[in-house]
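**Q** Structure for this input, please:
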Amino acid sequence: QVQLVESGGGLMQAGGSLRLSCAASGSILSINVMGWYRQAPGKQRELVAAISRGGIANYGDSVKGRFTISRDNVKNTVYLQMNSLKPEDTAVYYCSADVIARGGPVIPTHMWGQGTQVTVSS
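**A** Okay, the predicted model is just below:
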């Protein structure tokens, strides 16, 4: 059984920084793309950032220049460093990963974490 567990959310004032972490655990053979999405109340879930196994990253337009995604392939962990936070960054942040599990077909399964709340006050 593979699961993604996020940590690092919380309450921060505008202009501050937070770092999110997401660790994948279980019987994992490999993880392809890992990423972060967010969903604010009344809005659709949107891509924040994603990173390939080789370290190629892409970002949503609203976070470019402020957020940085990184990963540790040994620890099966992805990070999101969020700087210069704005009230509009307030949302539930979800980790995602394309996981290939051990003992099964070598086909990636897209998985989600449970979400972590980030609230930015003005």
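**Q** can we go C-alpha only for contacts and neighbour counts from here?
**A** OK.
**Q** Return the residue of the chain that is most distant from the centre.
**A** Computed with C-alpha atoms, centre = their mean, the maximum C-alpha offset from the centroid of the chain is found at G103, amounting to 25.9 Å.
**Q** Do you know the pLDDT at that one?
**A** On the pLDDT scale, G103 is placed at 88.
**Q** Phi and psi next, for it.
**A** Backbone geometry at G103, expressed as degrees, to the nearest 10, gives phi 80, psi 0.
**Q** and if you look at R38?
**A** phi -140, psi 150.
**Q** beta partners of Q39?
**A** Beta-bridge pairing of Q39 under DSSP bridges involves V92.
**Q** likewise V78?
**A** Residues in beta-bridge contact with V78 (DSSP bridges): C22, R71.
**Q** show me the residues around it that make contact.
**A** V78 makes contact with S21, C22, A23, M34, G35, I69, S70, R71, D72, according to C-alpha atoms under 8 Å, 6 or more residues apart in numbering.
**Q** Let's see if you can find the most crowded of these.
**A** For these, the largest neighbour count, defined by other C-alpha atoms under 10 Å, is 29 neighbours, found at M34.
**Q** for that residue, helix, strand, or coil?
**A** Classification of M34 by DSSP: H, G, I helix; E, B strand; the rest coil places it in strand.
**Q** how about it, what does it touch?
**A** A50, I51, S52, R53, V78, C95, S96, A97, D98.
**Q** How about it: what's its closest non-neighbour residue?
**A** Excluding the flanking residues, the one nearest M34 by C-alpha to C-alpha, 6 or more residues apart in numbering is A97, at 4.3 Å.
**Q** what about the one you found, neighbour count?
**A** So A97, with other C-alpha under 10 Å, has 28 neighbours.
**Q** That one: what's it in contact with?
**A** Per C-alpha under 8 Å, 6+ apart, neighbours of A97: I31, N32, V33, M34, G35, T109, H110, M111, W112.
**Q** Please identify which helix or strand holds the first one.
**A** What it means is I31. Using DSSP states H and E, I31 sits within strand 28-39.
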